[in-house]
Structure formats: structure tokens, C-alpha cells
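Q: sequence unknown, structure follows:
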């Protein structure tokens, strides 16, 4: 009995060994499947959507520009600035978004800022692609409002073909802004390094003037139901933010009231060299931030990390940025 049992056991173990060897052969990776597919190296389409009461807000990505914030930011010591950037895991040079915002009020399709077009190289100028990816067409935009006439906010007014990029839209900006940037006299007195910025503004706006579509406004004013222009001067003479309100919810599109989320939220007194009037820009930023924190207002920034939408809360002597979280639109399809 023992001899037969041992013999059967040897046969069973031999069969198991053969099966194990066969299984290991089948499971061994082959050269044909060892390599993963090629990496795609592209990002998701550049839009993000949220509801604001009955309004639909779509953040649009125009691209990015590398800004050496370590050199451009001022009113802060170099060691303090390094610490502020390091807290957000950033070095001195920051890949900085350029964002626009498309708001469908149900009555109007309003675009706030139009991106850089072809003025600043290949990493920018994709806002029309982002509009289409978001399910709209540039021809459907009926109102374009510009926070200020720097090229990264206005050059996208003209398409690659040299025609109006938004042919059915009325163009609105503050009169004090257009009076400054479109003035040949002011341009002639400006430093040489600023001449190109005056030219960008003129080249972008002039076709809309010729088409009878350019309508400047003055001061704080209602431009459409639920849309108010809010003067926020300092960065440029007529810099304007745009407030959208629906069913008790408010979003303020800041434009260039802030460039560095890492430094200027905790320290609003920090300015940037691009400001034409830094003391006024700081004063404006402090007032807007205090009001936004108190009222829990949604904020959207042209150079905040995409989608650039969030709220702020007080933290110490400054503020903390609380970005929006990805979520479906409640009630959306």
C-alpha cells in the first residue's frame, strides 16, 4: 500500500511540475507585448465648465507663458519670495496660464479676454480651439469684453487670416484704457520697450473700429443683464474686472489683478513689474480681495492656474486660494 502510494505521489508531483512549467511559459511576457503603447503627450481639451445660478461659465485655456516671478515680483525680499514660491512647490520661473472666460447668460454669449493670438509664440493662441472644444463657435459670441489691452488679452481679436476672430461680436473696453493704448501721442512718449505693446493694441482693435463694432464705456456700468464692469485700475490705466451675477451667485473675472497665486494671495502688497501704477494696483487688489473674502465671491484670474476659478479665505494677514473642484454641472446632461 505504501509503495503504491509513493508511486502515485511521484506521478502526481511530476504532472504538477509539467503543468507549472507550461503555465510559466504561458505567463511569461513576450517581446510582442512587453512595450506599452506610445505616450500621447497631449493634454485634455482646454476648457472647464461650471454653473453660476442660471449662467453657464466656461473657462478657456489659451496656453501658457513662462514668467520668472523671482525677478518680476517686487515689494518683497528675495528670500521671502523664494519661500512663498517653495510653499507651492514652485521655482523662480513659473509656467503661467493665460485664460479667458465664456459666459452664456441665456441672453448673451459673452467672452472675457481673447488670449494672445499669434503675438507671443507657439505656446499661446489656442483660445478659438478651446471655444470649439467646449461646444461653441467663435461666430456665436455676441459680446467681447477686454479687461485691458495688453497683447496676451487682446491679440486674439484677430484671426490667423487677419480677419475679425469674432465677426458677430461687439467689442467693449473701458474708455480710459482705449484712450491710453490707442493714442499715437501717448505711444510716442512711451519708453522704446513699450512701443510694441501699443502697436499690438492698435492692430487688434482697429479692425473692430473700422467695422463699427467697438464701443468703449466709462466707469462702473451695466453692460448686459447680469454683467457689470468694475473699474480695477493700476495694472493699466483703465484695467477693468467683470462681475457676473445670477440667482444670488457672483463671479468676478479679475483680469491681471493678480499674476502669482503663490505670492500675491498671501501677500497682496506684492506687485509685478508689468504694473503701470504699482501703488494703485496694490490698493485695488487689497480692496477687491477683502470684499471677495467677506462675500465668498467666486473669482477668476487670467493668470491663475487653469481653470483659474476659485474663492479666497482670510489666512493670517493675507488670503488663501481655494480652487474650484472638478464636478459635473448639477442638472446637466
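A: Everything's here; your move. Keep in mind that this is a model prediction, so the values were computed, not measured. Residues are numbered from 1 along each chain as shown.

Q: Only C-alpha atoms from now on, for both contacts and neighbour counts.
A: Will do.

Q: list the contacts for the residue nearest to residue 292 when sequence neighbours are not counted?
A: Once flanking residues are discounted, residue 292 sits nearest to residue 312: 7.1 Å by CA to CA, 6 or more residues apart in numbering. By CA atoms under 8 Å, 6 or more residues apart in numbering, the residues touching residue 312 are 289, 292, 293, 296, 319, 320, 321, 322.

Q: what kind of secondary structure is the last one in?
A: In this case it means residue 322. Three-state call for residue 322 (DSSP: H, G, I helix; E, B strand; the rest coil): strand.

Q: out of the contacts of residue 312, who's nearest residue 246?
A: Among these, residue 296 lies closest to residue 246 (CA to CA), at 14.5 Å.

Q: which residues touch the closest one?
A: Residue 296 makes contact with 311, 312, 313, according to CA under 8 Å, 6+ apart.

Q: picking that back up, so the residue nearest to residue 292 belongs to a helix, correct?
A: No - counting by three-state DSSP, residue 312 is located in no helix; its state is strand.

Q: ok, what's across the strand from it?
A: residue 321 (DSSP bridges).

Q: pLDDT score for it?
A: Note on residue 312: pLDDT of 98.

Q: What of residue 330?
A: The model reports residue 330 with a pLDDT of 74.

Q: Tell me, please, the helix or strand in this protein that averages the lowest pLDDT.
A: helix 2-27 (a mean of 45; mean pLDDT, DSSP states H and E).

Q: Of the contacts of residue 312, select the buried ones using a ChimeraX command.
A: Entered in ChimeraX, the line below selects the buried ones among these, by 16 or more other CA atoms under 10 Å:
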select :289,292,293,296,319,320,321
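
Q: how about the contacts of residue 312 in TSV, adding distance to residue 251 and pLDDT?
A: Converted to TSV, these look like this (distance: CA to CA, whole Å; pLDDT from 0 to 100):
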residue	distance to residue 251	pLDDT
289	13	98
292	10	98
293	12	98
296	10	97
319	18	98
320	17	98
321	15	98
322	14	98
